[in-house]
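Participant: generate coordinates for the sequence data below:
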Amino acid sequence: MKVLVTGGAGFIGRWLVKKLIEKDIQVTVLDNFSNGRMENISEFVDNPRFKLVKGDIRNEELLKEIFKSNFEVVYHLAAEINVQKSLDDPYQAFQTDLIGTLNLLENCRKGSIKFIFVSTCMVYEKSFDENGINENHPVKPASPYAATKLSGEYLTLSYHYSYELPSVVLRPFNTYGPYQKKNGEGGVVAIFSARALNKQPLQIYGSGLQTRDFLYVEDCVEFIRKASESKQAIGQVINAGTGVDISINDLAEMIANNNTKIEHVPHIHPQSEIMKLKCDISKAHQILNWKPIYNLEKGLEKTEKWISTNLCL
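Facilitator: Got it, this is the predicted structure:
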């Protein structure tokens, strides 16, 4: 079996590649390294089931050449993932996240290749329902990043309805774990953990009352894998999370462990903030028989252990 993983040198992409190789699947990674890092995939370079193509999903000629490999599945994770960058340069976000997605869909259509679009929970409108956000909850693209992701979802579904392309849209909530960037482009768990280990203050944007549903990365990639193997998932939008949210203030307290200063700083993009994100995972459980294995405490332990030995990455 041959598959393509776009953005495979990124954080989630790296873990997905590992999972697929372990399943004896031939994996081609396409990445332009705008977000991905060679360090993430260096362990796979000599594996006969791994192939790396350095390039961009906006390059139509390159894609034509790559798709001669007759893939059975395309996992599309490549994106401009930084919300602030999308606010500063929405044109770049549009070109990467929408035009690039269209290019991939066209190549998949020509070969009837299953297309797995990995979107984001950032497409949702705020919710205060303690049962969590389900897939029918209203959407509100509060940043160009969220808008291009939502547009990519609609494009993906349009190819399913128009051309019967086997497609799935996935909305993981806030994913964290080893190999996530620890600077401003990374996730809050990685940033807080690295700063705590370096004895630097943990800086919380805004009030810190905003909540997040944190999904450990190995649970996330198992969700993606199951979705790609499910006939019932085709044409569906499916969430993944834990069903438990925590405020950023409480997260900081957990990671600081009374040894690190916590301070609040002005929010860099308050207009794009979603104050409560909690996932309803009932659809994923029903369709995929999936539920997360790691709670936040266990996931933090594994993440902090990795960061403590890889602070230079």
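Participant: what's the helix or strand of the chain with the lowest mean pLDDT packed up against?
Facilitator: The weakest-scoring helix or strand in the chain, judged by mean pLDDT, DSSP states H and E, is helix 83-88 (a mean of 87). Where contact means 3 or more Cβ pairs under 8 Å, 6 or more residues apart in numbering; DSSP states H and E, helix 83-88 is packed against helix 90-94, helix 144-163. Bear in mind the C-beta positions are built from the backbone N, C-alpha and C, glycine included.
Participant: show me the contact partners of that helix.
Facilitator: Contacts made with helix 83-88 from outside it, assessed by Cβ atoms under 8 Å, 6 or more residues apart in numbering, are listed as 80, 92-93, 122, 143-146, 148, 184, 268-269, 272.
Participant: just say helix, strand or coil for the nearest residue to Glu153 once chain neighbours are set aside.
Facilitator: In space, and not counting its chain neighbours, Glu153 is closest to Val169: 4.8 Å by Cβ to Cβ, 6 or more residues apart in numbering. Secondary structure state of Val169, per DSSP: H, G, I helix; E, B strand; the rest coil, is strand.
Participant: partners of Val169 in the sheet?
Facilitator: Phe117, Val237 (DSSP bridges).
Participant: so what's it up against?
Facilitator: Contacts of Val169 (Cβ under 8 Å, 6+ apart): 117, 119, 153, 156-157, 236-238.
Participant: and with 7 Å instead?
Facilitator: By Cβ atoms under 7 Å, 6 or more residues apart in numbering, the residues touching Val169 are 117, 119, 153, 156-157, 237.
Participant: worst average pLDDT in the helices and strands packed on helix 83-88?
Facilitator: Mean pLDDT per stretch puts helix 90-94 lowest among those, at a mean of 90.
Participant: ok so, going back, and which of the contacts of Val169 is nearest Val53?
Facilitator: Phe117 (19.7 Å; Cβ to Cβ).
Participant: got the contact list for that closest one?
Facilitator: 76, 152-153, 156, 167-170.
Participant: most neighbours out of those, which is it?
Facilitator: The most crowded member of the contacts of Phe117, judged by other Cβ atoms under 10 Å, is Ser167 (28 neighbours).
Participant: quick one: it and Phe115, what's the gap?
Facilitator: For Ser167, the distance to Phe115 equals 4 Å [Cβ to Cβ, to the nearest Å].
Participant: Thr260 now?
Facilitator: Looking at Thr260 against Phe115, where the rule is Cβ to Cβ, the gap reads 43 Å.
Participant: which one of these two has more residues nearby?
Facilitator: Using other Cβ under 10 Å as the criterion, Thr260 and Phe115 rank with Phe115 on top: 26 against 18.
Participant: what about the strands in the stretch 1-150 of the chain?
Facilitator: With DSSP state E, counting those that start in this stretch, the ranges of strands along the stretch 1-150 of the chain come out as 2-6, 26-31, 50-54, 73-76, 114-118.
Participant: how about the helices in the stretch 101-250 of the chain?
Facilitator: 144-163, 188-197, 217-229, 248-256 (DSSP state H, counting those that start in this stretch).
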